[in-house]
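Undergrad: This is a predicted model, with the sequence first.
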Amino acid sequence: MSPGPPKRPCSILVVDDDAGLAGTLQEFLQQEGYAAEVALSAAEAVAVHERNSRLALALVDLVMPVTDGLALMQLLHRRDPDLAVIVMTGYGTIETAVEAIKRGAEDYITKPFDREVVRKKIARLMEVVELRERVTQLESNLERHSSFETIVSVSPLMQRVLERARAASASDVSVLLVGETGTGKEMLARAIHAASPRARQPFVPVNCGALPRDLVESELFGFRRGAFTGAHADAPGIFAAASGGTVFLDEIGEMPKEAQVKLLRVLQQGELRPLGSSRPLHVDVRIIAATNRSLAEVRSQQLREDLYFRIATVIIELPPLRARPEDTLILAQHFVGRLAARYGRKISLARSALDLLVGYPFVGNVRELENVLESATALSADDPQTITDRDVRPLLRDDEPPTLAPGLAAQPLTMERLEHVAIQQALRLCQGNRTKAASLLGISRDTLYRKLRQPKPDA
């Protein structure tokens, strides 16, 4: 049987002091499409477990010198209770295998191996592992800003962004997100994935600027055993691990040109070639990329032109926070509410703090606003705590003069006017439902009713 593509990104560890037998079993597993590693002792097995976070199953021989299979299984389970273990035994020690199952082994196989039996038992366990990983991934997606409804915004600028993103989520085209650092590009990418038909498959974020230049290709596209020094086993790579789902390439412009050629092939043909492999591997992934550079710079200086046109099928530009002060207002309230829940005490924002925050340009955008409020909270133990301008001012950069948003510069940027704009926009988004609007604004329903009764501020 010829080697096939990895069925799953998880790895299998074979532990046996018989190098020949272990190698034969590893080769069989690789032919079945699994990534497999070999350890000839318990110490080697622990070392593999330490460096391979994708280890899902261990095949452990019961009879080994120094540390036997039962002791190794217990050691591995102390380190990783979710690691599935199949014990390997000769016909003369079936009783020991039964004891191993009582102590936590999932199953056992006997020597000499019946390939069909081994194939079925491993396939069954790996299906369970895959199902567990999918559930975990889905829960993670739901927890980490996974839907458009959890993106806190009332500004017309951001509403247009969200409408465009919702439309993009329905198709499978590549998306390029453009915006300053801290504007929420990864959050929006997760929302697009969660609203897409791929929502139940992995969402894998990659910071292209953080990958070591000499490891970019092996990390993204995988490698085969022996492809380079230290490649002791096959590794599927990020694209194979995300097959069926979405890969988010943050700071796409930092990707080396050599890797861009391979990425273009993924986009054009849906295939890649791991390092050291002579055969292409089919992958099914959606690409969402992001950059904090201008489109002109990305196109002319950072990306190959053919790759740019493939990546930028849909372009979504996220506005900076200083261009949407009404969002500064509700985001500040939103973050304070989350901090109050986290610290277990009542926390509120004084009007003086809100005035200062709304007039500040926030070069670091939403991320900087959140960090400022978290710092102000962490520096106090008051219960209840009211964050004032005196708490906030030392946390703001002195070299950033207040900047008004475009379209508002000709008029006073008063809190009353911003509150009125935010309330009206929230009511429109919630189709007049005042309870939902109050929740979106981070205020109580009584407060919303009180503000609605107030005279309309001068425009």
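TA: It's in.
Undergrad: How many residues are close by residue 283?
TA: 23 (other C-beta atoms under 10 Å). C-beta: built from backbone N, CA, C; applies to glycine.
Undergrad: Then residue 42?
TA: A total of 22 residues lie near residue 42 under the criterion other C-beta under 10 Å.
Undergrad: what's the closest non-adjacent residue to it?
TA: Spatial nearest neighbour of residue 42, excluding adjacent residues (C-beta to C-beta, 6 or more residues apart in numbering): residue 67 at 3.6 Å.
Undergrad: Ok, residue 202 next?
TA: Of all residues not flanking residue 202 in the chain, residue 245 sits nearest, at 3.9 Å (C-beta to C-beta, 6+ apart).
Undergrad: Same check on residue 267?
TA: Leaving aside its chain neighbours, residue 267 sits nearest to residue 310 (4.5 Å; criterion: C-beta to C-beta, 6+ apart).
Undergrad: can you tell me how far the one you found sits from residue 344?
TA: Counting by C-beta to C-beta, to the nearest Å, the separation of residue 310 from residue 344 is 49 Å.
Undergrad: again with residue 245
TA: Look at residue 245 and residue 344: by C-beta to C-beta, they are 36 Å apart.
Undergrad: ok, back up a step: residue 310 and residue 344: which is more packed in?
TA: Taking other C-beta under 10 Å, residue 310 and residue 344 do not tie; residue 310 has more neighbours (20 against 7).
Undergrad: Could you list the buried residues of the host helix or strand of the more buried one?
TA: Element membership for residue 310 (DSSP states H and E) is helix 305-311. By neighbour count on 16 or more other C-beta atoms under 10 Å, the buried set for helix 305-311 is 307, 308, 310, 311.
Undergrad: which helices and strands does that helix pack with?
TA: Contacting helix 305-311 under the criterion 3 or more C-beta pairs under 8 Å, 6 or more residues apart in numbering; DSSP states H and E are the following elements: helix 257-269.
Undergrad: Residues in contact with the helix it packs on: which ones?
TA: The contact list for helix 257-269, computed with C-beta atoms under 8 Å, 6 or more residues apart in numbering, reads 174, 216-217, 220-221, 239, 255, 271-273, 280, 283, 285, 287, 303-304, 306-307, 310-311.
Undergrad: mind listing what residue 362 touches?
TA: For residue 362, the contacting residues are 182, 320, 321, 322, 328, 368, 369, by C-beta under 8 Å, 6+ apart.
Undergrad: In strands, which of those residues fall?
TA: Per DSSP state E, strands hold no members of these.
Undergrad: Which members of the residues you listed are the farthest-apart pair?
TA: 182 and 328 (12.7 Å; C-beta to C-beta).
Undergrad: Need the overlap of contacts for the two.
TA: Common neighbours of residue 182 and residue 328 are listed as 321, 362 (criterion: C-beta under 8 Å, 6+ apart).
Undergrad: I'd like the average pLDDT over the helix or strand in which residue 296 is found.
TA: Assigned by DSSP H and E, residue 296 belongs to helix 295-297. The average pLDDT within helix 295-297 is 91.
Undergrad: buried sites along that helix?
TA: For helix 295-297, it's none, nothing buried (16+ other C-beta under 10 Å).
Undergrad: Check what contacts that helix and list those residues.
TA: 178, 253, 312, 315.
Undergrad: Same check on stretch 224-232?
TA: 37, 218, 223, 233, 234, 274, 275, 276, 277.
Undergrad: dump the residue contacts of the nearest residue to the fifth one once chain neighbours are set aside.
TA: Closest residue to residue 234 apart from its sequence neighbours, by C-beta to C-beta, 6+ apart: residue 35 at 4.8 Å. Under the criterion of C-beta under 8 Å, 6+ apart, the contact list for residue 35 reads 6, 9, 10, 11, 12, 54, 233, 234, 235, 236.
Undergrad: Kindly present those residues as a markdown table, with separate columns for pLDDT.
TA: Converted to a markdown table, the contacts of residue 35 look like this (pLDDT from 0 to 100):
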| residue | pLDDT |
| --- | --- |
| 6 | 37 |
| 9 | 55 |
| 10 | 75 |
| 11 | 86 |
| 12 | 92 |
| 54 | 80 |
| 233 | 72 |
| 234 | 72 |
| 235 | 76 |
| 236 | 78 |
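Undergrad: what would those look like in a markdown table with distance to residue 442, neighbour count and secondary structure?
TA: As requested, the contacts of residue 35 are arranged in a markdown table below (distance: C-beta to C-beta, whole Å; neighbours: other C-beta atoms under 10 Å; DSSP: H, G, I helix; E, B strand; the rest coil):
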| residue | distance to residue 442 | neighbour count | secondary structure |
| --- | --- | --- | --- |
| 6 | 46 | 23 | coil |
| 9 | 40 | 21 | coil |
| 10 | 41 | 20 | coil |
| 11 | 45 | 23 | strand |
| 12 | 49 | 27 | strand |
| 54 | 40 | 14 | coil |
| 233 | 50 | 19 | coil |
| 234 | 50 | 26 | coil |
| 235 | 45 | 26 | strand |
| 236 | 43 | 25 | coil |
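Undergrad: Phi first, then psi, for the nearest residue to residue 129 once chain neighbours are set aside.
TA: Spatial nearest neighbour of residue 129, excluding adjacent residues (C-beta to C-beta, 6+ apart): residue 56 at 4.4 Å. Backbone dihedrals for residue 56, given as degrees, to the nearest 10, come out at phi -120, psi -20.
Undergrad: Perfect, that will be all.
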